[in-house]
Each structure stands twice: as C-alpha cells, then as structure tokens.
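Visitor: Next come a sequence and a model predicted from it.
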Amino acid sequence: MKKATSWTYKISIIMCLMIASTKSYALSDQDLTQIQMLKETALSSNLAYEIDESLTTEVGARRVGTVNDKRAVDWATAKMKQLGFDKVWTEEVTHIKWIRGTVEAKIISPYPQNMVAIALGGSVGTPKDGIKADVVEFENFAALEAAAPNSLKGKIAFISFRMERKIDGSGYEPAVKSRGDGPSMAASKGAIALLIRSVGTDDNRVAHTGGLSYQDGIAKIPAAALSNPDADMLQRQVARGAAVKVFLKLTAERKDETPVITANVIGEITGSESPDDYVVIGAHLDSWDVGTGAVDDGIGVAVTLAAAHHIANLKERPKRSLRVILFAAEEVGLVGAKQYVMDNKDHMDRHIIGAEWDFGTGLIYEMEPGVGPSALNTIRELAELLAPLGVSLNPKNTAKGDSDMSALGNAGMPAVNFSPDGLQYFDYHHTENDTLDKVDPEALKQNTAVFTIFSYFATQSDVDFRK
Ligand SMILES: [Zn+2]
C-alpha cells in the first residue's frame with residue numbers, strides 16, 4: 001500500500017513536469033504578431049461603417065418577405081464577393097406573409113386624445129370599422145396572467161409596464177414578455193385587443209414595434225404598442241377612476257397560408273488546414289420596416305463582414321474556415337437560425353465556436369464564454385488579447401450564443417457572447433429612429449477589432465472548445 005502510494009506520487013510529479021514542459025499556448029508567437037497587426041488594421045479602418053452606410057442607403061428597411069428583404073439578400077451576396085470571401089451562398093428560408101397596414105388609436109372618453117401607436121409584428125387587424133371598448137390596465141404581464149377567466153370580455157387589455165434602462169440590456173427580458181405572449185394571454189381572458197407600453201427606454205413620441213407570437217387554440221386578437229408618453233397619458237386617465245374608452249383600428253393583414261421566401265446568406269473564408277471546421281460569426285440581415293435597420297442589425301452585419309474581410313486580406317488563409325452567417329427572419333422568431341441548424345445538422349459538430357453581434361451601438365466591455373472546462377484556459381488567453389480594448393472576461397461560463405447564435409448554441413456549438421454598452425440601444429430599437437446617424441463609427445472600430453481578434457484566434461488555434 002505504502003509502495004503504491006509512493007509510486008502514485010512519483011508518477012504524478014513526472015506528469016506535472018511533463019505538462020509544465022509541454023504547456024502549449026493556443027497560438028504561436030507569429031500568430032500573436034499577426035493578431036496585433038489585425039487589431040491595428042481594424043482600429044484604423046472605417047470599413048464597418050462604410051458597409052452599414054451601404055446597406056442602409058442602398059437597401060434600407062428590410063422586413064422579412066418584403067421586396068427590400070430580397071434586395072438585402074442580393075446586396076449581401078454581392079458585398080461578400082466584393083469583400084474577398086472564397087465561397088458565398090444562400091440557403092432558403094420561408095415565413096408567412098404579413099402586411100402592416102395603418103393604425104389609429106385614440107381615447108374617446110373621458111378626455112378625447114389621439115395616441116401614437118404601432119401594430120405589433122404579425123398582429124391581425126381589427127374589424128374594418130375598428131374597435132371601441134373600455135380599457136383595463138395591468139401593471140405587468142403577471143398581473144394580466146392573474147386576471148380571472150372571462151374578466152376581460154369585450155375589453156381592451158393595456159399593459160403599462162415600463163422597460164428599465166440597463167447597461168447590459170437586461171431590462172428587455174421582463175418587458176418583452178408583454179409583447180410576445182401578451183396578445184394570447186389577454187385573449188384567453190376574453191379581451192378583444194391588447195395595447196402595451198412600447199418596449200423601449202426613450203421618451204420620444206414614437207412607438208416600438210416587434211414580433212408577437214400567438215398561441216395555437218386561442219383567438220388571435222389585434223395588438224399594438226403605444227409610445228411611452230402616450231402610455232403615460234392613458235395611465236393618467238385610467239388613474240382618475242372613470243371608465244376610459246379607446247378606439248383602435250389596425251388594417252394589418254396576417255396571411256398564415258401565404259408563404260414568403262427569403263434566405264440566409266453565408267460567406268466562407270476557407271481554412272488552409274481544416275477547411276471542414278467552422279468558426280462562425282453572425283448577425284441578422286432582416287430588420288423591422290419602420291426605421292432603416294442601421295443599428296438592428298446593420299451594425300452586426302457590418303462588424304462581422306468587416307472582421308472577415310480583414311482576415312481575408314491576409315497573405316495566408318487561417319487553419320480553420322471562418323463563416324459569416326447573415327441570418328434571415330430573426331425578428332419574427334429566429335426563423336433563419338432555426339433553418340440553418342436544420343440545413344446543417346449533419347455537420348453541426350464541426351461548428352467549432354460562434355459569436356453573434358445583435359446589440360449595437362456601444363463599446364464592448366465584456367466577453368462571456370460557453371465552452372468546455374479544458375477550453376477555458378484558451379479563452380483566458382483570448383481575454384488577455386482583448387483586455388487592452390477594454391473587454392473583461394465574465395467568470396461565468398454559461399453563454400449559449402446571443403440572438404440567432406443561440407439556435408446553434410442549443411444544438412451543441414460552443415459560443416462566446418460579447419456585451420456592449422447597451423444604455424442607448426433600446427431608445428431606437430424597432431422604431432423610425434433606427435437610422436445611420438445613431439451609429440458611432442468609433443465604437444464600430446472597437447467592435448470590429450474584437451470580432452477580428454476572436455475570429456482569427458479561433459480559426460488559427462486547434463483547440464476543441466467543446467472539451
Ligand atoms: Zn436584432
């Protein structure tokens with residue numbers, strides 16, 4: 001027994017020495033020099049801004065299924081070729097047809113006033129002559145959920161919950177439930193329409209759109225968002241105690257049986273040693289129809305394309321392939337991302353690691369990985385390279401991929417999430433104000449440097465991020 005213990009001890013010492021002497025870093029000194037050069041290139045290049053300027057000037061708004069959505073696919077395909085990708089292709093995505101129509105919302109009594117409102121994406125319209133009904137206010141989704149069955153018969157439900165402004169955008173999650181699940185919840189209580197306070201942090205008289213999702217088996221009722229100042233005003237009238245009657249007319253049309261066709265656009269810089277191993281970076285190409293999608297997600301499109309271009313411009317291809325995926329139909333429920341996972345399921349295990357950029361407009365201050373325990377050391381090396389750009393490492397290791405990339409993360413792909421300063425993001429999100437003047441060219445340079453370093457680091461290392 002004693003002898004065995006001593007042998008075990010000796011062997012473990014020898015193993016420690018072996019590990020110490022062969023401790024290898026993910027990248028060679030030459031690679032690290034290359035990364036410094038790539039960083040300088042990204043920080044001094046205006047390319048990302050120029051790409052976003054091109055997309056928002058030459059295409060503009062590109063809601064799924066619209067003519068502009070198709071033009072965006074053509075734009076992206078041509079842009080990738082122009083930027084030096086080795087392969088560029090599209091993969092078909094289908095969704096249902098929806099026509100926004102017009103909106104009219106006003107308080108009829110006790111104090112008649114017009115309100116600024118917008119139809120939620122996917123909403124059905126009201127009857128032709130609109131709806132006139134009393135409003136019942138709920139302070140949040142949970143309060144609506146707690147309402148008794150049939151208690152809203154013939155009424156318009158109104159959720160007045162205000163989204164909180166937070167640097168990491170974490171105010172969105174509790175607020176967006178009203179938009180996504182509110183319509184069916186209100187209908188299940190007998191309501192004939194739903195109004196919500198816009199899911200946004202601004203004080204402009206502009207309403208925020210965004211997708212809803214109707215539940216099967218529950219009546220589909222029309223749903224719209226009010227601008228923050230109008231939601232305040234409606235609340236003040238309700239607070240006076242008398243019944244508040246509202247007129248709502250939406251001419252939106254939802255055509256569940258009519259498919260629209262769009263596409264994920266994919267560009268690849270083919271690896272020199274392991275071409276069938278893919279590092280993926282992505283963003284969504286579609287946008288809502290009211291702004292020009294310069295921020296959501298023109299910034300993501302611009303940053304990922306620019307990062308890939310800087311790598312394509314090197315003399316040699318990296319070892320692994322780099323894929324940029326510009327996803328279709330994100331705004332209506334990650335439809336393109338789910339399709340990508342289905343189309344690529346046979347080689348999802350060759351998707352080494354991925355990152356999405358769908359949260360403009362600020363500087364990236366944090367990276368959170370979602371990798372295997374052994375790969376964490378490699379992530380720390382990456383973090384050291386990103387630290388001079390102001391990016392710190394979140395010690396949690398639970399990232400599943402942001403936005404579209406979460407569909408790939410849920411299919412087993414390791415991921416890294418990058419967090420930018422998101423304090424202003426939800427002022428413009430899904431509104432007419434999502435335009436190019438909100439994009440900060442200097443922040444784009446830092447964002448692009450981060451994505452370029454991440455992409456080169458992961459394509460040039462041979463680390464298995466699943467382990
Ligand atoms: Zn987005």
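Guide: Received, thanks.
Visitor: how close does the closest residue to residue 163 other than its chain neighbours get to the ion?
Guide: The shortest distance from residue 163 to any non-neighbouring residue, by C-beta to C-beta, 6 or more residues apart in numbering, is to residue 175 (3.7 Å). Every C-beta, even on glycine, is put in place using the N, C-alpha and C of the backbone. According to C-beta to the ion, to the nearest Å, residue 175 and the ion sit 16 Å apart.
Visitor: what's the strand or helix carrying residue 175 packed up against?
Guide: Following DSSP states H and E, one finds residue 175 within helix 172-188. For helix 172-188, the elements it packs on are helix 141-146, strand 156-159, strand 193-197, strand 223-226, judged by 3 or more C-beta pairs under 8 Å, 6 or more residues apart in numbering; DSSP states H and E.
Visitor: Make a markdown table out of the ones you listed and add mean neighbour count, distance to residue 209 and mean pLDDT.
Guide: Compiled in a markdown table, those are given as follows (neighbours: other C-beta atoms under 10 Å; distance: least, C-beta to C-beta, whole Å; pLDDT from 0 to 100):
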| stretch | mean neighbour count | distance to residue 209 | mean pLDDT |
| --- | --- | --- | --- |
| helix 141-146 | 17 | 18 | 98 |
| strand 156-159 | 26 | 16 | 98 |
| strand 193-197 | 28 | 11 | 98 |
| strand 223-226 | 29 | 7 | 98 |
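Visitor: who wins for proximity to the ion among the ones you listed?
Guide: Across these, the ion has its closest neighbour in strand 223-226 (16.7 Å, C-beta to the ion).
Visitor: Could you list every helix and strand in contact with that closest one?
Guide: strand 103-109, strand 117-119, helix 172-188, strand 193-197.
Visitor: 6 Å - rerun?
Guide: Using 3 or more C-beta pairs under 6 Å, 6 or more residues apart in numbering; DSSP states H and E as the contact test, the elements touching strand 223-226 are strand 117-119, strand 193-197.
Visitor: What lies in contact with that strand?
Guide: 103, 115, 117-120, 123, 183, 194-196, 198, 207-208, 212 (C-beta atoms under 6 Å, 6 or more residues apart in numbering).
Visitor: what do you get if the cut-off is 7 Å, keeping everything else the same?
Guide: If you take C-beta atoms under 7 Å, 6 or more residues apart in numbering as the criterion, strand 223-226 is touched by 103, 105, 115-120, 123, 182-183, 193-198, 207-209, 212, 234, 248, 250.
Visitor: Same question for stretch 173-188.
Guide: Here stretch 173-188 has contacts from 120, 141, 144-145, 152, 157, 159, 161, 163, 194, 196, 199, 210-215, 218-219, 221, 223, using C-beta under 7 Å, 6+ apart.
Visitor: re the thing from before, tabulate the helices and strands packed on helix 172-188 (TSV), appending distance to residue 111.
Guide: Converted to TSV, the helices and strands packed on helix 172-188 look like this (distance: least, C-beta to C-beta, whole Å):
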stretch	distance to residue 111
helix 141-146	24
strand 156-159	16
strand 193-197	17
strand 223-226	16
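Visitor: To residue 466, which of the ones you listed lies closest?
Guide: helix 141-146 (36.6 Å; C-beta to C-beta).
Visitor: then the closest one to CSV, C-alphas only?
Guide: Output of helix 141-146 as CSV, limited to C-alpha atoms (Å, rounded to 0.1, in the frame of the first residue of the first chain):
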residue,chain,number,x,y,z
PHE,A,141,-47.7,40.6,-17.7
ALA,A,142,-48.0,38.7,-14.4
ALA,A,143,-51.0,40.8,-13.4
LEU,A,144,-52.7,40.1,-16.7
GLU,A,145,-52.0,36.4,-16.2
ALA,A,146,-53.6,36.6,-12.7
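Visitor: just checking, what packs against that helix?
Guide: The elements that helix 141-146 packs onto, with contact taken as 3 or more C-beta pairs under 7 Å, 6 or more residues apart in numbering; DSSP states H and E, are strand 156-159, helix 172-188.
Visitor: what about the nearest residue to residue 116 once chain neighbours are set aside, how many residues close to it?
Guide: Spatial nearest neighbour of residue 116, chain neighbours left out: residue 227 (4.2 Å); criterion: C-beta to C-beta, 6+ apart. Using other C-beta atoms under 10 Å, residue 227 has 24 neighbouring residues.
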